[in-house]
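S.K.: The following block contains a protein sequence and its predicted model.
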Amino acid sequence: MSGPAKPLRTIVCGTNFGRLYLDALRALPQFELVGLLSRGSGYSAALADRLGVPSYSRVEDLPAAVDVACVVVPSGVPAGVGTALAVRLLARGVHVLQEHPLHPDELATCLRAASAHGRQYRLNTHYPRLPEVRRFLEAATRLRGKRKLLFADVVTPVHLLQPVVDIIGQALGGLSPCTFGEPVGSGPIRTVDGVIAGVPLSLRVHHQLDPTDHDNHALFWPRITVGSDGGVLTLADVHGPVLWSPRLHSRREDDHRLTLAGGSLELPTTSTLGPVVRHQPTYAEAFRTIWPAAIGAALTDFATAMGETADPLRWGQRDLAVCRRWQQLLDRLGQPDLIRPATPTPLAVSELVRSDEVTS
């Protein structure tokens, strides 16, 4: 009788967003953190020391007994080295989970390398695994099964466009056929109309980036709405809530007066999917618990793929479709406007309502 499987010896490459991967790994007994790979900064060395693992600055210095690498450094898209690093790790016989975004050519290169070396490779777009996004996608699937989708309306910052394309594809049931018109608009917002999977789409993008700080200065989080003749389903934010607004329809009496009660008029104008009493997380709570849990789900699925020895080229076709649609949109939008704004001062809800209206 065989004993329990040995934990997968794992390294994390990158200590910026990679810190959330470290939090995720600590909660997963099937993985064992055995080192950090970074550019060798003092911060990374100190972090490795606190975690009790070695710190490496070169792939060549890694021990042979590494099973998995989480590549959480920028890819070639924002002038990073993530993809080259992923290919080198795959060539050493290490399975690789890589954080988005990736150009489709980069993804194809990684998938070919994984296939050539008999390793698994996955792209992690992260946001589709957040719990409220999952709730939205499950509801969208049920909605598609009952009614035809008539439109989709999406807003997103440009730096989250790739995971948003992934969410759109899952919500609409596919990414083909696909057409995009020319962008219009001025100021911070560009609008692109198109059709995805037969559903008319209106996409509004905050098309500005601070070249020294991609993670900040977005004006909003992604918000996605899909509509049918039965009502409208909305993901207000990647952290929720998910809202359902049934269509208003009042029958007419014989004298052509609208009825004001009964039937579908007794449905709530808007309902929140999920817990009746809910607490919207703070950003700190999201970073501390929700995001690591979503990364943990990606790692768990990755471990399953490793056990099943799935063909990475076959599995990666959907990811390639996401990356290609994302690249199509970027080609339409052109380069984002570069900005260097001052540090913003976010407003609390208490500043927008009367003092007696503030709730926790």
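M.R.: Received it, and whenever you're ready, just let me know what you need.
S.K.: Please pull out the lowest mean pLDDT helix or strand from this structure.
M.R.: Between all helices and strands in the chain, the lowest mean by mean pLDDT, DSSP states H and E belongs to helix 312-315, at a mean of 84.
S.K.: residues of the helix or strand just after that one that come out buried?
M.R.: Sequence-wise, the next helix or strand downstream of helix 312-315 (DSSP states H and E) is helix 317-333. Neighbour counts over helix 317-333 (16 or more other C-beta atoms under 10 Å) mark 319-330, 332-333 as buried. Bear in mind the C-beta positions are built from the backbone N, C-alpha and C, glycine included.
S.K.: just how off-centre is the helix or strand following helix 317-333 within its chain?
M.R.: Next helix or strand after helix 317-333 toward the C-terminus (DSSP H and E): strand 337-338. Using C-alpha atoms, centre = their mean, to the nearest Å, the mean C-alpha position of strand 337-338 is found 23 Å from that of the whole chain.
S.K.: and strand 337-338, which strands flank it?
M.R.: Strand 337-338 has the following sheet partners, assigned by DSSP bridges: strand 208-209 (parallel).
S.K.: Any chance you could give me stretch 40-60 in CSV, C-alpha atoms only?
M.R.: Taking C-alpha atoms only, stretch 40-60 is exported to CSV below (Å, rounded to 0.1, in the frame of the first residue of the first chain):
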residue,chain,number,x,y,z
GLY,A,40,18.4,39.3,-5.9
SER,A,41,17.1,42.4,-4.1
GLY,A,42,17.5,42.8,-0.4
TYR,A,43,13.8,42.5,0.1
SER,A,44,13.6,39.2,-1.7
ALA,A,45,16.6,37.8,0.3
ALA,A,46,15.0,39.0,3.6
LEU,A,47,11.6,37.5,2.6
ALA,A,48,13.2,34.1,1.8
ASP,A,49,15.0,34.2,5.1
ARG,A,50,11.7,34.9,7.0
LEU,A,51,10.1,31.9,5.1
GLY,A,52,13.1,29.7,5.8
VAL,A,53,13.8,28.9,2.2
PRO,A,54,16.8,29.6,-0.1
SER,A,55,16.9,32.7,-2.3
TYR,A,56,18.1,32.3,-5.9
SER,A,57,18.9,34.8,-8.6
ARG,A,58,19.7,32.5,-11.5
VAL,A,59,17.8,29.5,-13.0
GLU,A,60,21.1,27.7,-13.2
